[in-house]
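**Student:** Need the 3D shape of this:
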Amino acid sequence: MKIISVNNLTKVFKKPIRGEGVWDNIKTLFSRKYEEIRAVDNINFDIEQGEIVGYIGANGAGKSTTIKMMSGILHPTSGNVLVDGMTFDKARKKINRNIGVVFGQKTQLWWDIPLIETFKILKTIYEISDEDYEKRFNYLCELLDLKQFINQNVRTLSLGQRMRADFAAALIHNPKIVFLDEPTIGLDVLVKDRIRNAIKELNKKYNITVILTTHDMKDIEQLCDRIIIIDKGKILYDGTLHNIKNKFGNTKTIFIPKNVSLDNELLESKFQGMKIEETDESIVLKFSSNEVELDDVLIYLINNYHVKDFKIEDISIEDITKELYLENEKNI
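**Tutor:** Purely as a prediction, here's the structure:
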C-alpha cells in the first residue's frame, strides 16, 4: 500500500542578484532581478507503508527541501505530495496527526521547562487519551532510556539526551510516518546505536514508515533496504542497496598489515582487475567479486605470504555515491 506518492515535485527559490560593493547592494533592495535556484527538479517516487527509505545526497542536493515539502513545511513550486492519499492543502490537520518529524539541528522541545512537561503538552495538542499516552510514553521511555533525565529542564540536556527526547516526542502520538533529517548528527557511537535500534524496533512493532536523510552512511547500511540518491535536485538512483552494490561491481576490499611483503605486480596479474594501494596503516587490495572469487584470493594470500591478520569490507554506500556523482558529472 502506498503511503506517500511524490508526483513531479519541484521547488524553485528566487535569489536576488547582488553586485559588488555597498552601493550595488543598496540597489539590490529595489531590484527585481532574481536568480532561480532549482532545489528540487521534477522528481517522482512512491513509498510503501512500513518501508525504511534512505534519502541521500551531498550538501545542497535537495534532500532537506524534499523532506520539508513531504512533511508540509514548504509548499512546492509545482507538483504535489500525497500522504495516505491526501494533500496538505486539503487535509493538513489530518495528515499532521499521522506524521512525526525529527530535524537533527533543530528541536521541538520546550527549552525552559522539564522534559516531562513537553510530553504532556504534546498529549494535549494531539488529543491523546490517558490510556494511550501512558502506554506509549512508558514504552518510549524504556526504549530510549529517558527516565534518568525526564524531569530535567531541556536546556540542561546533553546533545545525545536531547536527540533521544526529540525522537520520542516525534513518536508520542503514534504516527504512521516519521521523517528523520540527520537524526544522528554529532552523536557518539552509543547514542547512535540506541537510536538505530529504536528505529528498527518501532518499524517492526508498529510498521512505521521511515524516511531518513543522513550523511552517516552506517545509518543507511544498517537501516535501509531501499535508497534514493539525489543530486542537484534530480534523482540519480532509486532502488535496493543490494542492486546498486551489484551495479558497481560488488567491490571487496581486503586490508592487510603493512609488515607483510606482497608482490603487487604478481597479484594484480594473477587476479584480473585487482588494484593494490598502500595507506599509512595497511596494504589495501580492491577487486570485484563478480570477476574474482574472494576465497581464491584469501587462500593464495595465506599459502604464499603467510597472512594471518586481515580485514574484509564490502563496497560502502559512500563509495557508491561518489561513483554516481562522477558518472552524473560526465553525462552533463
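**Student:** Quick check: Ile254 is in a strand.
**Tutor:** Yes. Assessed by DSSP: H, G, I helix; E, B strand; the rest coil, Ile254 belongs to a strand.
**Student:** So it versus Phe310, what's the distance?
**Tutor:** Distance, Ile254 to Phe310, by C-beta to C-beta, to the nearest Å: 6 Å. Using the backbone N, CA and C atoms, a C-beta is placed for each residue, glycine as well.
**Student:** residues near Ile47, how many?
**Tutor:** 22 (other C-beta atoms under 10 Å).
**Student:** swap in Ile185?
**Tutor:** 15.
**Student:** do Lys286 as well
**Tutor:** Considering only other C-beta under 10 Å, Lys286 is surrounded by 17 other residues.
**Student:** which stretches of the stretch 101-250 of the chain have low pLDDT?
**Tutor:** 248-249 (pLDDT under 70).
**Student:** can you map out the helices along this protein?
**Tutor:** According to DSSP state H, the chain carries its helices in the segments 21-28, 63-70, 88-96, 115-125, 130-144, 159-171, 189-206, 217-223, 241-247, 264-270, 294-305, 317-331.
**Student:** Which among those is found nearest to Lys232?
**Tutor:** Proximity to Lys232 (C-beta to C-beta) singles out helix 317-331 among these, at 8.0 Å.
**Student:** Quick check: Leu9 touching Arg38?
**Tutor:** No. With contacts counted by C-beta atoms under 8 Å, Leu9 stays clear of Arg38, the gap being 11.5 Å.
**Student:** These two: which has the busier surroundings?
**Tutor:** Leu9 (24 against 15).
**Student:** Can you check which residues contact both of Ile254 and Phe310?
**Tutor:** Leu298, Leu301 (C-beta atoms under 8 Å, 6 or more residues apart in numbering).
**Student:** the more surrounded of the two?
**Tutor:** Neighbour count, other C-beta under 10 Å: between Ile254 and Phe310, Ile254 has more, with 21 against 16.
**Student:** can you tell me which residues contact that one?
**Tutor:** Counted by C-beta under 8 Å, 6+ apart, Ile254 has contacts Val284, Leu285, Val297, Leu298, Leu301, Phe310, Lys311, Ile312.
**Student:** Show the buried residues in these.
**Tutor:** Val284, Leu285, Val297, Leu301, Phe310 (16 or more other C-beta atoms under 10 Å).
**Student:** pretty sure the second one contacts Ile276?
**Tutor:** Translated: Leu285. Yes. Here Leu285 reaches Ile276: they are 5.5 Å apart, a contact under C-beta under 8 Å.
**Student:** and the nearest residue to Thr251 once chain neighbours are set aside, what pLDDT?
**Tutor:** Using C-beta to C-beta, 6 or more residues apart in numbering and skipping residues adjacent in sequence, the residue nearest Thr251 is Ile315, 3.8 Å away. On pLDDT, Ile315 comes in at 72.
**Student:** What separation do you get for Ile315 and Thr321?
**Tutor:** Counting by C-beta to C-beta - Ile315 and Thr321 are separated by 11 Å.
**Student:** and Val53, what is it in contact with?
**Tutor:** By C-beta under 8 Å, 6+ apart, the neighbours of Val53 are Ile47, Thr209, Val210, Ile211, Leu212, Cys224, Arg226, Ile227, Ile228.
**Student:** Try it again at 6 Å.
**Tutor:** Ile47, Ile211, Arg226 (C-beta atoms under 6 Å, 6 or more residues apart in numbering).
**Student:** Just the residues you listed: which are in strands?
**Tutor:** Among the contacts of Val53, the ones falling in strands (DSSP state E) are Ile47, Ile211, Arg226.
**Student:** roughly how far apart are Asp263 and Leu212?
**Tutor:** 44 Å.
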